[in-house]
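A.B. asks: Got a predicted model here, sequence first, then my questions.
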Amino acid sequence: NCYGNDSLLVKTAISNKFYDSLIYMVPLLTSPNTYMSDMCGGYSFDMDFDSCDDLNELYQWYISFDWKGFDVFSKKTIDKTILENEGTKIKILDFFKDDSRNY
């Protein structure tokens with residue numbers, strides 16, 4: 001999930017990979033200073049290909065990864081996302097059920 005951080009589009013994007021990582025319990029490699037990195041709650045590895053000469057740092061991060069914490073984070077984030085989606089669905093359905101609007 002490393003797309004760089006040179007444009008506002010990639011700085012603020014949330015890809016499906018974020019949700020896939022939560023469902024399949026696969027931590028992400030992300031670009032630093034992006035919303036995606038922030039969304040991962042510390043359970044991603046920020047990788048800057050311009051300055052990442054030694055992959056030992058990535059290896060050390062992976063072998064010390066907090067899998068139990070990631071499991072809790074993933075479940076809470078998935079539950080929160082489902083609730084937000086349900087709330088949005090209700091608002092959309094309510095909008096179309098409202099007969100008081102004039103078109």
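C.D. replies: Perfect, thanks for sending it.
A.B. asks: before we move on, what SS does the residue lying closest to Phe73 once chain neighbours are set aside have?
C.D. replies: Spatial nearest neighbour of Phe73, chain neighbours left out: Gly41 (5.4 Å); criterion: CB to CB, 6 or more residues apart in numbering. C-beta: built from backbone N, CA, C; applies to glycine. In three-state terms, and counting by DSSP: H, G, I helix; E, B strand; the rest coil, Gly41 is coil.
A.B. asks: Tell me how far the residue most central in space within the chain lies from Tyr24.
C.D. replies: A centroid search over the chain (CA atoms, centre = their mean) returns Phe18, at 3.7 Å, as the residue closest to the centre. According to CB to CB, to the nearest Å, Phe18 and Tyr24 sit 11 Å apart.
A.B. asks: same deal with Leu83?
C.D. replies: Distance from Leu83 to Tyr24, counting by CB to CB: 21 Å.
A.B. asks: where do the helices sit along the protein?
C.D. replies: Ranges of helices in the chain, per DSSP state H, are 8-12, 16-24, 35-39, 56-63, 67-97.
A.B. asks: Do I have it right that Ser74 meets Met25?
C.D. replies: Yes - with contact defined as CB atoms under 8 Å, Ser74 and Met25 form a contacting pair (6.3 Å).
A.B. asks: Neighbour count for those two, which is higher?
C.D. replies: Taking neighbours as other CB atoms under 10 Å, Ser74 and Met25 compare with Ser74 leading, 20 against 11.
A.B. asks: Which residue comes closest to that one once chain neighbours are left out?
C.D. replies: Excluding the flanking residues, the one nearest Ser74 by CB to CB, 6+ apart is Leu22, at 4.2 Å.
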